[in-house]
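> attaching a predicted model along with its sequence, questions to come.
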Amino acid sequence: MVLDTIGHRGLVQLIAGVMPYIVTAWTANIARVRLADDFAVDPDQLNDFFTGKPMS
């Protein structure tokens, strides 16, 4: 059982950590959010973005 493994505090932390993702996904589904048809991900651009390099 989960409570035996991580305890009450761990269960609360798990729920608190997962809920933002669940709420975001649920909201996106309800609002029928769709990516643009021409949406493409360039891994090099993403890497530059997340490392703080200026985008070209």
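Good, I have the coordinates. In this text the structure is predicted, and so the values were computed from the model without any measurement.

> need the pLDDT of the residue nearest in space to the middle of the chain.
Central residue of the chain (CA atoms, centre = their mean): Tyr21, 5.3 Å from the mean position. Tyr21 carries a pLDDT value of 91.

> now for the helix or strand where it lies, which elements pack on it?
Applying DSSP states H and E as the criterion places Tyr21 in helix 2-30. Contact here means 3 or more CB pairs under 8 Å, 6 or more residues apart in numbering; DSSP states H and E; on that basis helix 2-30 packs against no helix or strand. The C-beta positions use only the backbone N, C-alpha and C, and glycine is treated the same way.

> next helix or strand past that helix?
Later in the chain than helix 2-30, the nearest helix or strand by DSSP H and E is helix 43-50.

> what average pLDDT does that following helix get?
In this model, helix 43-50 carries a mean pLDDT of 77.

> name the helices or strands packed onto it?
Partner elements for helix 43-50 (3+ CB pairs under 8 Å, 6+ apart): none found.

> convert that helix to PDB, retaining C-alpha atoms only.
The C-alpha coordinates for helix 43-50 follow below in PDB (Å, rounded to 0.1, in the frame of the first residue of the first chain):
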ATOM      1  CA  PRO A  43      16.200  20.000 -30.700                       C
ATOM      2  CA  ASP A  44      19.100  22.400 -31.200                       C
ATOM      3  CA  GLN A  45      16.800  25.400 -30.800                       C
ATOM      4  CA  LEU A  46      15.200  23.900 -27.700                       C
ATOM      5  CA  ASN A  47      18.600  23.200 -26.200                       C
ATOM      6  CA  ASP A  48      19.700  26.800 -26.900                       C
ATOM      7  CA  PHE A  49      16.500  28.100 -25.400                       C
ATOM      8  CA  PHE A  50      16.800  26.100 -22.200                       C
END
